[in-house]
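Enquirer: starting from these lines, generate the structure:
(2 chains)
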Amino acid sequence: MSSLTMIEAIRDAMDVMMARDDRVVTFGQDVGRFGGVFRCTDGLQRKYGPSRCFDTPISESGIVGIAVGMGAYGLRPIAEIQFADYMYPAYDQLVSEAARLRFRSAGEFSSPIVVRMPCGGGIFGAQTHSQSPEALFTHVAGLKTVIPSNPHDAKGLLIAAIEDDDPVMFLEPKRIYNGPFDGHHDRPVVPWSKHELSETPEGYYTVPIGKAAVRRQGTDVSILAYGTMVHVVEAARQSVGVDAEIIDLRSLVPLDLETIIQSVVKTGRCLIVHEATRTSGFGAELSALIQERCFYHLEAPVVRVTGWDTPYPHAQEWDYFPGPDRVGRALTRLMES
Amino acid sequence: MSGGPLTLHVPEPTPCAEAADFSRLHLSEAGQLRRPAVDVEAGEIRDLAYGLIRVLDGEGRAVGPWSGACTIDQLRAGLRAMLKTRAYDSRMTMLQRQRKTSFYMQCTGEEAISCGFQSALQAGDMNFPTYRQQGLLIAQDWPVVDMMCQVLSNEKDRMKGRQLPVFYSAREAGFFSISGNLATQYVQAVGWAMASAMRGDNRVAAAWIGEGATAENDFHAALVFASVYRPPVVLNVVNNQWAISTAQSVAGGESATFAARAHGYGIPALRVDGNDYLAVRAAACWAVERARRNLGPTLIEWVTYRAAPHSTSDDPSKYRAPEDGAAWPLGDPVERLKDHLIGLGAWSEARHVQLKAELDEEIGIAAKAAQGFGTLVEGSKCSPASMFDDVYKLMPPHLREQRQELGF
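Expert: A predicted model of the protein is given here:
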């Protein structure tokens, strides 16, 4: 075991898999010689050579399009989209091609690709470097969508994603690349080394896609979150002082509905938190599922705390970000209702 | 200084609805263009993107440096493949008219391109076709009953009734699953070819697109990636003059040839008479050899004419001149190869009539057999439960629940 940052854990996952399986390749803008703008592929080209880890032209549809072709050939490509906000030119390749290839060819061809993309705000990235487009993937039949909240899961989930025979959208909350950010932007950055989930086994291991993690057992309310928000809701819970059960979803599709239902049936209250815009966000799906499955166990309406339905602003970033104050107020209201 | 108000240039559609006009087609004489060595640099053959490589002259003789690529037997096999494709199209169109299926797309007039190109490939190579390359399958004697079952969406349809008719997939035949979203597969072919090179393999990919779809982003992405990594891929552009009702000039054909688009990327380009089976084979062999010898990509514009409607849902009389097809200057690929073989003393009108009759009968028998497995409207189809299969490799719980909700 060693303590890693998210970036080191992600790099380690690719390193482990590139060493184990020579079909694993990775590419994207600035990925090769430079090692990625966030350094996630640093050293991989030197270690595995330029035909396993290389730079690409700035064309997201090209990057994902060649990944689909390589996957059909039999490789295990990991494509990096530099920011999730730049995914849109590749959306046709993801929705119409990667997601449907197995279905439309009745299994003759498949798309065992991973598309990695840094997502979320909190770095003063404004509207083009802050978005959380996960709901655009969860809406698409045939894609899997994974968002880790810590180095241990990031490495295990990425290895599972690389081994997965279906296309996996791997969203990396960039605000927690270097530390478990809890939303208190005015406080000093806490390094991952102080967090127990930075302890990461050496070598190969997987965290299964489709299993949520109960981060904290509790009886008063169930909080559903993923990515950065797992840390934010813990900070809010502490400040409000409720005995909340915190569920880190980790994988949105497939979704671990069983764990969610079990918790909400037990607590009778549910708060859903995500950074993405609210309308038709993944919280809407979660809320509907809980209404369908847990209605008679609910003591209060399900509450969502999310990013606003606006583009992500620059100077007003912390008014947009669903930080611990907003989450705390929602928790208090939910416990009073 | 004022030049008056600005005006927008909207291209005059050529060809157009009012009068057939192919005066801007950039034709060359048969045998006129040189055949460069396969290791030529792109910049040394820029003229070949503006002329037209042709082998068969007006009298049906094979002339010039691109001739001599095929034996008599290969030519007769090509003629047979084209005639079989035409018989297949005709029968499938009839079945659609009889409402045995929802939709069909013929490739009438374009048979030489897919049939000729396939003969340049080897087992293990991969085509990324559009919806008008059925000749790639027929030319390698892929069972037509299998294709028909797909068109009829019946119980033997290997695509389990999921895909629109003609959207075949045949991995064994090097025929990638057809998407239907335009141009997406062009860049995938480049990625597949990159993988072949990354693995030190010797397999070649062939990308296919129509001239209308070259406007899509993915066409340009494919050319960028092909130019950067120089993978073993042949980038085919089938210019059949029409994108449903939109003339090739509206896709940019008025400004430059489609072949010339490769120049900006430093990719060697050929412009070839797609209705000349001998020219098709010669150019295809040239480009495939380049790819196989690690000399990189080639773009080929195949100049042809979509003689039939876009699909069974289309009525070209609404948008093209009645004499458009007759005015087309490059003739019919079947007739031209037939005349050439007759000129060589290797074929005759009588044998031609006989072969057509044989193929009609073969296709008729196959169509009966295929209908025996059901049609879109009659007989058995794949169970509705099957729509939940293959969305993922292993069915996740939410799909299992939805399948149960449907009653399975």
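
Enquirer: against residue A:250, how distant is the residue in chain B that chain A sits nearest to?
Expert: Minimum separation of chain B from chain A (CB to the nearest CB) falls at residue B:191, amounting to 2.6 Å. (Each C-beta comes from the backbone N, C-alpha and C, glycine too.) Distance of residue B:191 to residue A:250, given as CB to CB, to the nearest Å: 29 Å.

Enquirer: now swap in residue B:312 and tell me
Expert: Counting by CB to CB, the gap from residue B:312 to residue A:250 is 48 Å.

Enquirer: which one of the two has more residues nearby?
Expert: In this view residue B:312 and residue A:250 are compared by other CB atoms under 10 Å in any protein chain shown, and residue A:250 has more residues nearby, 26 against 17.

Enquirer: surely the more buried one touches residue A:147?
Expert: Yes: with contacts counted by CB atoms under 8 Å, residue A:250 reaches residue A:147, the gap being 7.0 Å.

Enquirer: find residues that contact each of these two.
Expert: Contact with both residue A:250 and residue A:147 is made by residues residue A:226, according to CB atoms under 8 Å, 6 or more residues apart in numbering or on different chains.

Enquirer: would you say the residue of chain B closest to chain A is within a strand?
Expert: No: under the criterion used here (DSSP: H, G, I helix; E, B strand; the rest coil), residue B:191 is helix, not part of a strand.

Enquirer: so what's it up against?
Expert: Residue B:191 sits next to A:65, A:66, A:67, A:68, A:69, A:70, A:73, A:77, B:225 when contact means CB under 8 Å, 6+ apart.

Enquirer: residues in contact with the closest residue to residue B:40 other than its chain neighbours?
Expert: In this structure, residue B:40 finds its nearest non-sequential neighbour in residue B:268, 6.5 Å apart by CB to CB, 6 or more residues apart in numbering or on different chains. Contact partners of residue B:268, counting by CB under 8 Å, 6+ apart, are B:40, B:41, B:42, B:45, B:262, B:290, B:296, B:297, B:298, B:299.

Enquirer: residue A:116 now?
Expert: So residue A:116 contacts A:10, A:28, A:40, A:78, A:79, A:80, A:81, A:158, A:170, A:172 (CB under 8 Å, 6+ apart).

Enquirer: could you check how far the fifth one is from residue A:64?
Expert: Right, residue A:79. Remark: distance between residue A:79 and residue A:64 (CB to CB) = 6 Å.

Enquirer: anything in contact with each of the two?
Expert: A:113, A:115.

Enquirer: okay, which residue is most central for chain B?
Expert: residue B:133 (3.8 Å; CA atoms, centre = their mean).

Enquirer: give the buried residues for stretch A:276-286.
Expert: Using 16 or more other CB atoms under 10 Å in any protein chain shown as the test for burial, stretch A:276-286 gives A:276, A:277, A:281, A:282, A:283, A:285, A:286.

Enquirer: does residue A:77 lie in a helix or a strand, and which?
Expert: Using DSSP states H and E, residue A:77 maps to strand A:76-80.

Enquirer: now that strand: mean pLDDT?
Expert: The average pLDDT within strand A:76-80 is 98.

Enquirer: for that strand, which helices and strands make contact with it?
Expert: strand A:24-28, helix A:60-73, strand A:114-119, helix A:151-163 (3 or more CB pairs under 8 Å, 6 or more residues apart in numbering or on different chains; DSSP states H and E).

Enquirer: return the most buried member of these.
Expert: Among those, ranked by average contacts under mean count of other CB atoms under 10 Å in any protein chain shown, first place goes to helix A:60-73 (a mean of 29).

Enquirer: relative to the whole chain's centre, how far out is that helix?
Expert: Counting by CA atoms, centre = their mean, to the nearest Å, helix A:60-73 is centred 21 Å from the centre of its parent chain.

Enquirer: repeat for stretch A:5-17
Expert: Computed by CA atoms, centre = their mean, the chain-centroid distance of stretch A:5-17 equals 15 Å.

Enquirer: returning to that earlier point: show me what contacts the residue nearest to the centre of chain B?
Expert: Residue B:133 makes contact with B:107, B:113, B:114, B:127, B:208, according to CB under 8 Å, 6+ apart.

Enquirer: may I see those arranged in TSV, with secondary structure, neighbour count and distance to residue A:317 as well?
Expert: TSV is the format used below for the contacts of residue B:133 (DSSP: H, G, I helix; E, B strand; the rest coil; neighbours: other CB atoms under 10 Å in any protein chain shown; distance: CB to CB, whole Å):
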residue	secondary structure	neighbour count	distance to residue A:317
B:107	coil	28	56
B:113	helix	31	55
B:114	helix	30	55
B:127	strand	27	49
B:208	strand	27	47
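
Enquirer: so which of the residues you listed also contact chain A?
Expert: On the criterion CB under 8 Å from any CB of the partner chain, none of the entries of the contacts of residue B:133 sits beside chain A.

Enquirer: now the two most distant members of these.
Expert: Pairwise distances across those (CB to CB) peak at 14.0 Å, for the pair B:107 and B:127.

Enquirer: give me the beta-bridge partners of the closest residue to residue A:34 other than its chain neighbours?
Expert: Using CB to CB, 6+ apart and skipping the chain neighbours, the partner closest in space to residue A:34 is residue A:55 (7.7 Å). Taking DSSP bridges as the rule, residue A:55 bridges to residue A:28.

Enquirer: in chain B, spot the helix with the most residues.
Expert: In chain B, assigned by DSSP state H, the helix with the most residues is helix B:72-97.

Enquirer: coming back round to it: among the contacts of residue B:268, name the ones in strands.
Expert: Among those, the members found in strands (DSSP state E) are B:298, B:299.
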